[in-house]
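Visitor: Structure here, sequence nowhere to be found:
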């Protein structure tokens, strides 16, 4: 393990904000991760587990305890057959998009629509990462974790992970530290059915069609770059946590109320709020659409702030190069309040706030 002190955390996050960690421990093996976490817990000190830093906004004051940076590596095929698929065990510290690229190259179908998402593989079950019609919950067979309360390694089968929209048992509590993930992928040169309309149009196929894996990955990357959702060190529009707010899930009655509020605010010819079916009978709508219709255009920023809405997508809050964590939080609060006032819908932030909140 490598130990450092007073290390700025901004450089370890995709939002590029955050003060120093009192202590930073970089763990490169599972044993090192477990030992580092156990040491901090035994000392009853504050702990922050960090991997790719793509879904976190650290306070300007930094973190007063120990940050354990998970830098483990390794992608291992445990079994492969036509019936059970390809079982691939992935260390938590593996860069997610590198795994997706490897899956496409090897002819493993199931995560190609998740191309270009920043961060590490171990964070994907925490957030139940999803995009373009896929979620990792669809391909995760099990998740191995360190249980901080019981002081032991545990394995969660997929059904025990509590996967819902952008949520899991691992996100609900800091009790579990993900060590590795077992994915069950499909041996195929073709993608899973294309389930996103814009993606299908770009590929010039009908929704539900399957295309070569490489074509699906390339098309997703084009879509994400168009929205500023692929990290680029030269483009501040990508210095973000990706989608900052989750898409609201409303009851049928609340969605009807939303339609009424939209009509009252925008007039009888107002556009209809997007609606998508939810497995529980609710209605999912678009956070980006609500933000835009509430008057927050691409590039919007508060006076004197270093943070702004992306110039490519209203769902991303970006660091224009000089933002502080408080700039990000202040803009997020302003957007959330504006949407609440306009449409009665409370947006929920997707990234985790460390040392401060909204």
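Guide: Looks like it arrived, so ask away. Note that the structure is predicted; figures quoted are calculated from it, not measured.

Visitor: the residue most distant from the middle of the protein, which is it?
Guide: residue 268 (36.3 Å; Cα atoms, centre = their mean).

Visitor: Which parts of the stretch 1-150 of the chain are helices?
Guide: Here the stretch 1-150 of the chain has its helices, by DSSP state H, counting those that start in this stretch, at 30-42, 96-106, 124-127.

Visitor: what bridges to the closest residue to residue 5 other than its chain neighbours?
Guide: Excluding the flanking residues, the one nearest residue 5 by Cβ to Cβ, 6 or more residues apart in numbering is residue 23, at 5.6 Å. Placement of C-beta: from N, CA and C, glycine included. The bridge-partner assignment for residue 23, based on DSSP bridges, gives residue 5, residue 66.

Visitor: Quick check: residue 23 touching residue 65?
Guide: Yes - here residue 23 reaches residue 65: they are 7.1 Å apart, a contact under Cβ atoms under 8 Å.

Visitor: how close does the residue lying closest to residue 348 once chain neighbours are set aside get to residue 352?
Guide: Using Cβ to Cβ, 6+ apart and skipping residues adjacent in sequence, the residue nearest residue 348 is residue 246, 5.1 Å away. Distance, residue 246 to residue 352, using Cβ to Cβ, to the nearest Å: 13 Å.

Visitor: same thing with residue 55?
Guide: Taking Cβ to Cβ, one finds residue 55 at 6 Å from residue 352.

Visitor: which one of the two has more residues nearby?
Guide: Between residue 55 and residue 352, counted using other Cβ atoms under 10 Å, the more crowded position is residue 55 (24 against 16).

Visitor: sorry, back to before: the residue nearest to residue 5: what's it in contact with?
Guide: 3, 4, 5, 65, 66, 67 (Cβ atoms under 8 Å, 6 or more residues apart in numbering).

Visitor: Tell me the confidence at the residue most central in space within the chain?
Guide: Of all residues in the chain, the one closest to the mean position by Cα atoms, centre = their mean is residue 129, 5.2 Å from it. We have a pLDDT of 96 for residue 129.

Visitor: dump the residue contacts of it.
Guide: Neighbour list for residue 129: 96, 114, 117, 119, 123, 135, 136, 166 [criterion: Cβ under 8 Å, 6+ apart].

Visitor: quick one: it and residue 317, what's the gap?
Guide: Residue 129 sits 18 Å away from residue 317, going by Cβ to Cβ.

Visitor: How about residue 325?
Guide: For residue 325 relative to residue 317 (Cβ to Cβ), the value is 11 Å.

Visitor: ok so, going back, can you list the contacts of residue 129 in CSV and add neighbour count?
Guide: What follows is the contacts of residue 129, written out as CSV (neighbours: other Cβ atoms under 10 Å):
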residue, neighbour count
96, 25
114, 25
117, 26
119, 23
123, 28
135, 20
136, 27
166, 18
